[in-house]
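Novice: Need coordinates for the following:
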Amino acid sequence: MTDARRTVSTPTLPQLDGIVVLNKPSGLTSTRCLNILKRMGQKKIGHAGTLDPMARGVLLVLLGCATKLSSWLLGAGHKVYAGELKLGVETDTWDTEGEVFCEKSPDGVGSADVAAEIRAWTELTSQDVPPYSAAKHQGKPLYQYARKGRPAPAKVKEIKIHSADMLDFSMPVARFRVVCDSGAYIRSLAHSLGKRLGCGAALCGLTREYSHPFSLEQAVDLAEIEADPAILKRIVRPVEDALPHWPKIELDAASARRVKNGMPVRAENNAAEHAFLCHEGRACALASLAADEYGPCWKVARGL
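Specialist: Here you go, the predicted structure:
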């Protein structure tokens, strides 16, 4: 379906509030997926971590007031990826959609070698940022420099890989699964593995199976939403579902008015550091536990 056909045929809906667990298809940028939903009337829209065009799987789309959760979601929980890498090739993008600039036979590299190097990802505490990425240098994304043939200075970022295992190996392709904190570049893991083995490697497939706290089994295909935009009303999840470990504190009407004006309210018998402040079953603010001269209180971190 062309963009022109989408523009003509797509009905608009009222702005919704909440989270859509989207199964992003391979071949589309995350931004393009969001733009498709924008044309359905969802002008206030964001995400909790993009996926590369090659990748498919869980993309958390934030609608309306849920866009205010972005910084909390990006720093919370972990992500799970299943991927494939190809030995014997290096590209400028560190995946097989880029331009090949080096090929080398992986003869002599065995299954045990690859499995050991994949497990070794858990020992990494930092990684090189791919030159074709949205990470910024002097306010511009790195891919803008790379496309103009003027790569920006190399960037390094801290990462945490909780587990990494090879699932299958059939020369020259290895399948693997990784559990990591938000922000890790799987392309960079594949690229570094190729460097260590001496034959080069590039990512050739990737599926995000889980993005805390939602799994691929809970995701809805973009094609399904395009075919019937009205289902957005049925599949959008309340903002509280995005941070399930946060308690929900029900407020009376007077306290809800205080919160609406950004004022703190009393906190009683709560050990949590953060909470959703709710009124009549609807979240009205994100709050952090604090203290004032009267004792523990919930301080508004962000109104919803």
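Novice: what residues are up against the residue nearest to E158 when sequence neighbours are not counted?
Specialist: Distance criterion CB to CB, 6 or more residues apart in numbering; nearest residue to E158, sequence neighbours excluded, is S126 at 5.2 Å. In short, each C-beta sits where N, CA and C put it, glycine included. Shown in contact with S126 (CB atoms under 8 Å, 6 or more residues apart in numbering): V156, K157, E158, I159.
Novice: Among these, which one sits closest to T50?
Specialist: K157 (15.2 Å; CB to CB).
Novice: who's the closest one bridged to?
Specialist: Beta-bridge partners recorded for K157 (DSSP bridges): Q127.
Novice: From A287, how far out is it?
Specialist: Going from K157 to A287 by CB to CB, to the nearest Å gives 30 Å.
Novice: Settle it for me: which of the two has more neighbours?
Specialist: A direct count of neighbours by other CB atoms under 10 Å for K157 and A287 places A287 higher, at 26 against 13.
Novice: so what's the more buried one bridging to?
Specialist: A275, V300.
Novice: isn't it right up against W298?
Specialist: Yes. Counting by CB atoms under 8 Å, A287 touches W298, with 4.0 Å between them.
Novice: Check the spacing between M263 and P213 real quick.
Specialist: M263 sits 30 Å away from P213, going by CB to CB.
Novice: who has more neighbours, those two?
Specialist: A side-by-side neighbour count of M263 and P213, using other CB under 10 Å, places P213 first with 18 against 12.
Novice: Report pLDDT for H47.
Specialist: pLDDT for H47: 92.
Novice: so what sits against both of A287 and W298?
Specialist: Common contact partners of A287 and W298 (CB under 8 Å, 6+ apart): I249, V259, A275, L277.
Novice: I'd guess A164 is in a strand, am I close?
Specialist: Yes. With DSSP: H, G, I helix; E, B strand; the rest coil as the criterion, A164 is assigned to a strand.
Novice: Can you tell me, leaving aside adjacent residues, what's nearest to it?
Specialist: Excluding the flanking residues, the one nearest A164 by CB to CB, 6+ apart is W121, at 4.1 Å.
Novice: My guess is that neighbour contacts R177. True?
Specialist: No. Contact criterion CB under 8 Å: W121 and R177 do not qualify, at 11.0 Å.
Novice: Mind listing the shared neighbours of these two?
Specialist: Common contacts of W121 and R177 (CB under 8 Å, 6+ apart): A164.
Novice: before we move on, which element is V20 in?
Specialist: For V20, the host element (DSSP states H and E) is strand 18-24.
Novice: pLDDT averaged over that strand - what is it?
Specialist: Strand 18-24 comes out at a mean pLDDT of 97.
Novice: For that strand, list every residue counted as buried.
Specialist: G18, I19, V20, V21, L22, N23, K24 (16 or more other CB atoms under 10 Å).
Novice: show me where the stretch 151-300 of the chain has strands.
Specialist: According to DSSP state E, counting those that start in this stretch, the stretch 151-300 of the chain carries its strands in the segments 156-158, 161-170, 173-181, 201-211, 214-215, 220-221, 248-250, 265-266, 274-279, 282-292, 295-303.
Novice: Figure out which of those strands is closest to H191.
Specialist: Nearest of these (CB to CB): strand 201-211, 6.6 Å.
Novice: Would you mind pulling up the elements that that closest one packs against?
Specialist: In terms of contacts (3 or more CB pairs under 8 Å, 6 or more residues apart in numbering; DSSP states H and E), strand 201-211 is packed against strand 56-63, strand 78-87, strand 89-91, helix 186-197.
Novice: which outside residues touch the third one?
Specialist: Okay, so that is strand 89-91. Residues contacting strand 89-91 (CB under 8 Å, 6+ apart): 96-104, 191, 194, 200-202.
Novice: swap in stretch 105-120?
Specialist: By CB under 8 Å, 6+ apart, stretch 105-120 touches 87-88, 164-166, 169, 171-172, 174, 176, 193, 196-197, 199.
Novice: Just give me how far that stretch sits from the chain centre.
Specialist: Distance, stretch centre to chain centre, for stretch 105-120: 29 Å (CA atoms, centre = their mean, to the nearest Å).
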